[in-house]
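In: pasted the sequence and its predicted model underneath.
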Amino acid sequence: MAYIISIVAIVLAGIFAILESVWAGFAYFVLAILLLLSLFWGCWQIYKYFTDFQKELEERFKIFRAETINNKQTTAEYFDNNIAQFKKEFSKKTLKDKIVKWFVIAFCFACAVAFLLGMIFY
């Protein structure tokens with residue numbers, strides 16, 4: 001769905017960009033479409049972060065648990081008793097992925113602000 005919306009928006013922006021030579025007002029249509037597309041992707045990335053990415057982290061924690069039990073020669077009971085410590089260790093390992101996700105979201109909204117400023121100062 002997201003890719004279909006993106007393709008339609010890009011095609012419309014391309015058409016309006018071509019038509020800009022006919023009437024300068026079409027530049028506002030291009031900027032407005034790109035603004036909406038940036039806002040859409042920012043919101044879509046937030047939605048994906050709180051749904052799919054959180055599920056992915058849960059699955060990765062299960063793998064981390066299995067690897068920790070196997071590699072460190074610990075028991076499942078010890079892991080379960082000290083789960084807070086292991087969750088903290090896992091959080092440190094996944095911090096980079098979380099930061100990258102939030103930078104992507106911030107980039108989408110920064111593009112939206114840039115297109116809005118382009119509309120204001122054009």
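Out: Ah, there it is. Numbering: from 1, shown residues only.
In: phi and psi next, for residue 72.
Out: Note on residue 72: backbone dihedrals following degrees, to the nearest 10 are phi -90, psi 0.
In: what of residue 25?
Out: Dihedral angles for residue 25 - degrees, to the nearest 10 - are phi -70, psi -20.
In: relative to residue 32, how far out is it?
Out: Plainly put, residue 25 is 11 Å away from residue 32 if you go by CB to CB, to the nearest Å. No exception for glycine: its C-beta is placed from N, CA and C like everyone else's.
In: go on, residue 16?
Out: Taken as CB to CB, the span from residue 16 to residue 32 is 9 Å.
In: the more surrounded of the two?
Out: Using other CB atoms under 10 Å, the more surrounded residue of residue 16 and residue 32 is residue 16, with 20 against 16.
In: ok, the more buried one touching residue 31?
Out: No: judged on CB atoms under 8 Å, residue 16 makes no contact with residue 31 at a distance of 9.3 Å.
In: and the worst-scoring helix or strand of the chain on mean pLDDT, what does it pack against?
Out: Ranked by mean pLDDT, DSSP states H and E, the helix or strand of the chain with the weakest confidence is helix 76-81, at a mean of 89. Packing partners of helix 76-81 (3 or more CB pairs under 8 Å, 6 or more residues apart in numbering; DSSP states H and E): helix 54-71.
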